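**Q** Structure for this input, please:
(2 chains)
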Amino acid sequence: MLLLMKVKTAMLAGTLAAPVLAAALAPSPPSHGPDGTIRLASPSFTYRAAGDFSRGGRPVEGPLRELSLPADLLVMKRQVTVAEYGRCADEGACPRVTVLSGAKDVPVVGVSWHDASAYAAWISRKTGVTYRLPTDEEWTFAAAEKARDEALPLIDPADPAQAWIARYEAESSRERPLATTPQPGGTFGTNSKGLDDLAGNVWEWTDSCFVRTSLDEEKETVTNVNCGVRVVEGAHRTYMTDFIRDPKSGGCAQGVPPTNLGFRLVVESSRSVIARTVRSVAKLLRHT
Amino acid sequence: MGAALAALMMTAPALAGAADDLKLPREHVDLVAPPFVHPHEQATKAGPKIIEFKLTVQEKEVVIDDAGTKMWAMTYNGSMPGPMMVVHEGDYVELTLVNPETNTMPHNIDLHAATGGLGGGALTKVNPGEQAVLRWKATRPGVFIYHCAPEGMIPWHVVSGMHGTVMVLPRDGLKDGAGKPLHYDKVFYIGENDLYVPKDENGKYKTYESLGESYADTTEVMRKLIPTHEVFEGRVGALTGKNALTAKVGETVLIVHSEANRDTRPHLIGGHGDHVWETGKFNNPPERDLETWFVRGGSAGAALYTFREPGVYAYVNHNLIEAVELGATAHIKVEGKWNEDLMKQISPPGPIPPAKISTADPMAVTR
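**A** Numbering: from 1, shown residues only, chains lettered A, B, ... in the order given. I've put the predicted structure just below:
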């Protein structure tokens, strides 16, 4: 597994570089920061790779991987609220978004990836702590039992209609959340890692780009990376164009679209900075 | 003798429903809600009959999308549109229109297939607690709209759901332009509704305590002519997902599409109309191989199609804004074996191969 190797390399690099860099970086935020971040130590976890995968020119499910994050994950206990986002908008650093209900203590929804990223940049400037959207791997790890693997068994690869109908039926069988408007934090429960409202009626932006990968000849080859489309996580995983604020299905598409788009942030740790750098370098090397 | 005659005359209105002047066999048909149609013969060797149908008007609040938007509907038999009535050319239709006393409005029915009396509208105006029986002769084969037409309020009743379809089949069944018989395995009855739901000052859809209270605001929205919802069978998603229609490769479906008020342009994504009666009248030869057909507001059209490839088909109003943003989409799940002769994915999405120098510059080819 290429990625697993990459992660291991990254971890190694992180371990080596951490003592050197530690002094130069901002002090570690406490485990319950102003945004209620929680520090999660990362044992290994199972992760279904996101994106489109093919073998022999036929679509297949993404591979299942055993991963561990390169460092502890500092992640917000709750989604960013209307009040929090509103302060960013008040300062002109985040675009104003439509807020239907008057409540301030509910998750901000109707935000695009750009809006969420603008908020992360603003709160980082305000606090001196580097916040960002989680990667899909980080979200899946943090969501733990709330993350859903919707992989379908491989159906007759020679008949595209079979897999198509199976996918349609799976998407059609998704249940819609009873409440469509954002609910106060905690409404959808706390998961085993102490995080609230994962996979409730708000889907969360991740920073992961849409990736197309071929699995031919026993190796993974990334054939396309589209960062105009990001992975969105919630009651099911989906892929969303980055400027969308109000997703919908209709036309040829079927199934339940994310009811609401919101987000929670993670704190960039020194180790994950290095891990990301190593990943980027690895990606560059692979593309050349 | 005179007293007996007077008594007879007094009871006459009660007997009017049982008109036996025709001496024809009678058949009572129970109607079913769209997208389905009651069992019927496509061609018949029997002579003309009197076919009895009953429509009961129901005024009720309905949900029209997944966000839970509500509106007050007026319906025939509870569905939007009302059920399809199928008869053969030359049959007599004896229609009982019931307006239960739980309703608040007078209603009637104008059948585009019927001749005279404002399509029946002039003879069927029933107040809550009344019913009327109308007999009319089906003289023209085709699919036709019926709708409520109360004076002064016609468009409101129609866009609130009071419309449906009559199908008058030729006695010897459908035929192509050369006179060859055409058959169908099933009928999909798609009734399209343009809906006009008022919003409050915050842009949220309003709800009302009663049908009457919704009238003034709804009329305001209607007068702007832009529907808030354009849907099939009365709500967004009525024919998608778990409610998707189904068929098999090799099956032939007759898709009857009605819109009582507004123009629409049905299109089957990934399929065609093999034989299409765009104006819905079977004495005209059907057009062949259509991509999109036009159904005029206030009419119904019919399209015959045999599925050749499995998969999920979207059947849409090909004003795609209305299909995708406003709801006018149905899905048909078609089971069967994939036919690679009709379609094959030669190369799945992947990297663009490096261009050969001779074709890299499009001008190079023409030079």
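**Q** how about the nearest residue to the closest residue to chain A within the stretch 101-250 of chain B, chain neighbours excluded?
**A** Residue nearest to chain A within the stretch 101-250 of chain B (C-beta to the nearest C-beta): B:Gly241, separated by 3.7 Å. C-betas here are computed from N, CA, C, even on glycine. In space, not counting the residues next to it along the chain, B:Gly241 is nearest to A:Ser172; the distance is 3.7 Å by C-beta to C-beta, 6 or more residues apart in numbering or on different chains.
**Q** The one you found contacts B:Val312, doesn't it?
**A** No - under the criterion of C-beta atoms under 8 Å, A:Ser172 makes no contact with B:Val312, lying 9.9 Å away.
**Q** so where does A:Arg230 fall, helix or strand?
**A** strand A:221-233 (DSSP states H and E).
**Q** Also B:Ala216?
**A** Going by DSSP H and E, B:Ala216 is in helix B:211-223.
**Q** and the host helix or strand of B:Phe53, what does it pack onto?
**A** Counting by DSSP H and E, the element that carries B:Phe53 is strand B:50-63. If contacts are counted by 3 or more C-beta pairs under 8 Å, 6 or more residues apart in numbering or on different chains; DSSP states H and E, strand B:50-63 sits against strand B:26-28, strand B:70-76, strand B:84-88, strand B:92-99.
**Q** mind redoing it with 6 Å?
**A** strand B:26-28, strand B:70-76, strand B:92-99 (3 or more C-beta pairs under 6 Å, 6 or more residues apart in numbering or on different chains; DSSP states H and E).
**Q** Adjacent strands (with direction) for it?
**A** Sheet pairing here is set by DSSP bridges, and for strand B:50-63 it gives strand B:26-28 (parallel), strand B:70-76 (antiparallel), strand B:92-99 (parallel).
**Q** buried sites along it?
**A** B:Ile50, B:Ile51, B:Glu52, B:Phe53, B:Lys54, B:Leu55, B:Thr56, B:Val57, B:Gln58, B:Glu59, B:Val62 (16 or more other C-beta atoms under 10 Å in any protein chain shown).
**Q** just curious, which of those is nearest to chain A?
**A** B:Val62 (17.7 Å).
**Q** burial of residue 240, as a residue count?
**A** By default, I'm working from chain A. A:Met240 has 21 neighbouring residues, counting by other C-beta atoms under 10 Å in any protein chain shown.
**Q** Not quite, go with chain B.
**A** The burial count for B:Thr240: 26, using other C-beta under 10 Å.
**Q** May I see the helices and strands packed on strand B:50-63 organised as JSON lines, with mean pLDDT, distance to B:Phe307 and mean neighbour count added?
**A** Putting the helices and strands packed on strand B:50-63 into JSON lines (pLDDT from 0 to 100; distance: least, C-beta to C-beta, whole Å; neighbours: other C-beta atoms under 10 Å in any protein chain shown) gives the following:
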{"stretch": "strand B:26-28", "mean pLDDT": "97", "distance to B:Phe307": "32", "mean neighbour count": "12"}
{"stretch": "strand B:70-76", "mean pLDDT": "98", "distance to B:Phe307": "31", "mean neighbour count": "24"}
{"stretch": "strand B:92-99", "mean pLDDT": "98", "distance to B:Phe307": "32", "mean neighbour count": "21"}
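**Q** Where do the helices of chain B begin and end?
**A** B:2-15, B:154-159, B:211-223, B:320, B:357-360, B:362-366 (DSSP state H).
**Q** picking that back up, can I get the strand holding B:Phe53 as PDB, trimmed to CA atoms?
**A** The C-alpha trace of strand B:50-63 is given here as PDB (Å, rounded to 0.1, in the frame of the first residue of the first chain):
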ATOM      1  CA  ILE B  50     -71.500   2.700 -20.200                       C
ATOM      2  CA  ILE B  51     -68.500   3.000 -18.000                       C
ATOM      3  CA  GLU B  52     -69.100   4.300 -14.500                       C
ATOM      4  CA  PHE B  53     -66.500   6.300 -12.600                       C
ATOM      5  CA  LYS B  54     -66.700   8.200  -9.400                       C
ATOM      6  CA  LEU B  55     -64.500  11.200  -8.400                       C
ATOM      7  CA  THR B  56     -64.700  12.500  -4.900                       C
ATOM      8  CA  VAL B  57     -63.200  16.000  -4.300                       C
ATOM      9  CA  GLN B  58     -60.800  16.200  -1.400                       C
ATOM     10  CA  GLU B  59     -59.500  19.500  -0.100                       C
ATOM     11  CA  LYS B  60     -56.500  18.900   2.100                       C
ATOM     12  CA  GLU B  61     -53.100  20.200   3.200                       C
ATOM     13  CA  VAL B  62     -50.300  18.300   1.500                       C
ATOM     14  CA  VAL B  63     -46.500  18.300   1.600                       C
END
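**Q** per-residue pLDDT, residue 24?
**A** Defaulting to chain A. The model reports A:Ala24 with a pLDDT of 36.
**Q** Hmm, no, I was thinking of chain B.
**A** pLDDT, B:Leu24: 96.
**Q** was I right about it contacting B:Ile50?
**A** Yes - if you go by C-beta atoms under 6 Å, B:Leu24 and B:Ile50 touch, sitting 5.1 Å apart.
**Q** A:Pro157: what's it in contact with?
**A** A:Arg58 (C-beta atoms under 6 Å, 6 or more residues apart in numbering or on different chains).
**Q** picking that back up, any chance of JSON lines for the buried residues of strand B:50-63, columns distance to B:Trp136?
**A** Formatted as JSON lines, the buried residues of strand B:50-63 follow (distance: C-beta to C-beta, whole Å):
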{"residue": "B:Ile50", "distance to B:Trp136": "11"}
{"residue": "B:Ile51", "distance to B:Trp136": "11"}
{"residue": "B:Glu52", "distance to B:Trp136": "13"}
{"residue": "B:Phe53", "distance to B:Trp136": "11"}
{"residue": "B:Lys54", "distance to B:Trp136": "15"}
{"residue": "B:Leu55", "distance to B:Trp136": "13"}
{"residue": "B:Thr56", "distance to B:Trp136": "19"}
{"residue": "B:Val57", "distance to B:Trp136": "19"}
{"residue": "B:Gln58", "distance to B:Trp136": "23"}
{"residue": "B:Glu59", "distance to B:Trp136": "25"}
{"residue": "B:Val62", "distance to B:Trp136": "29"}
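**Q** Closest one to B:Ala216 out of those, please.
**A** B:Glu59 (16.8 Å; C-beta to C-beta).
**Q** so who does that closest one touch?
**A** Contacts of B:Glu59 (C-beta under 6 Å, 6+ apart): B:Met74, B:Asn103, B:Leu211.
**Q** and if you look at B:Phe282?
**A** B:Pro141, B:Gly142, B:Pro170.
**Q** again with A:Val222
**A** Per C-beta under 6 Å, 6+ apart, neighbours of A:Val222: A:Val211, A:Thr213.
**Q** Could you do B:Lys333 as well?
**A** If a contact means C-beta under 6 Å, 6+ apart, then B:Lys333 has A:Ile165, B:Ala244, B:Thr246, B:Val312 as its contacts.
**Q** Kindly report the same for A:Cys94.
**A** A:Cys94 sits next to A:Cys88, A:Asp115, A:Ala118, A:Tyr119 when contact means C-beta under 6 Å, 6+ apart.
**Q** Report the two of those separated the most.
**A** Pairwise over these, using C-beta to C-beta, the maximum falls at A:Cys88 and A:Asp115, 9.0 Å.
**Q** And these two? Which one has more around it.
**A** It is A:Asp115, of A:Cys88 and A:Asp115, that has more neighbours when counted by other C-beta under 10 Å, with 25 against 22.
**Q** quick check, nearest of the contacts of A:Cys94 to chain B?
**A** Out of the contacts of A:Cys94, the member with the shortest distance to chain B (by C-beta to the nearest C-beta) is A:Asp115, at 19.4 Å.
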